[in-house]
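Enquirer: Generate a structure from the sequence data that follows.
(one chain, ligands or ions: 1)
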Amino acid sequence: MPEETKLLKVVAGIVLRGRTALFAQRPAGKSYAGQWEFPGGKAEPGECLCEALQRELMEELRIRPLKFRLWKAITKSYTRTRIRLYFYIIPEFEGTPNACEGQQIAWLLPQHALDLPLLAADVPIVRALAFEIERC
Ligand SMILES: Nc1nc2c([nH]c(=O)n2[C@H]2C[C@H](O)[C@@H](COP(=O)(O)OP(=O)(O)OP(=O)(O)O)O2)c(=O)[nH]1
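Expert: Modelled structure (predicted):
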């Protein structure tokens, strides 16, 4: 399969604090710099999704998820890649989020995050999250 059509696995952590979730802005130098997303990244070869989630949250924020569950999975085609995105809800974690990669981070109500330039794939997820949090 040509490189550009490979299906990449990406994990994204929806870290919750009360009715807010932690959003991160992609830093300069990364693809889609300036757009907002949930912390996470690509699973490495041989790594399971849970390991990838734990590694990415430690690398990017220095936090350790204590409880997490897979909430939604979607497939998205970007210009050169197709990705399978796994969104995990994380209601409990250890540590204080620290933006280790120069990224901006913010605790936001999902409906407020919709005012930010979100990665395209995240828009329906953030809408669904607003609805989910509203119900609780
Ligand atoms: N982390 C994250 N990535 C997302 C989200 N939504 C979404 O479409 N993506 C896409 C953007 C990228 O194409 C891909 C993640 O790649 P990445 O470049 O952030 O992965 P990484 O942290 O492993 O980065 P790198 O080591 O390759 O620089 O998934 C999201 O909510 N969180």
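
Enquirer: three-state assignment of Val126?
Expert: Classification of Val126 using DSSP: H, G, I helix; E, B strand; the rest coil returns helix.

Enquirer: Can you pull out the low-pLDDT segments for this protein?
Expert: Scanning the chain for pLDDT under 70 picks out 1-5.

Enquirer: now the strands for it?
Expert: 7-17, 20-25, 36-37, 40-42, 64-77, 82-94, 105-108 (DSSP state E).

Enquirer: How about the third one and the ligand, touching?
Expert: Yes: applying C-beta under 6 Å from any ligand atom, one finds strand 36-37 in contact with the ligand at Glu37. For the C-beta atoms, the positions are set from N, CA and C on the backbone; glycine is no exception.

Enquirer: quick revisit: put together CSV for the strands of the chain, with mean neighbour count and distance to Leu129 on each row.
Expert: Converted to CSV, the strands of the chain look like this (neighbours: other C-beta atoms under 10 Å; distance: least, C-beta to C-beta, whole Å):
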stretch, mean neighbour count, distance to Leu129
strand 7-17, 20, 7
strand 20-25, 21, 6
strand 36-37, 22, 13
strand 40-42, 19, 15
strand 64-77, 13, 8
strand 82-94, 17, 9
strand 105-108, 17, 11
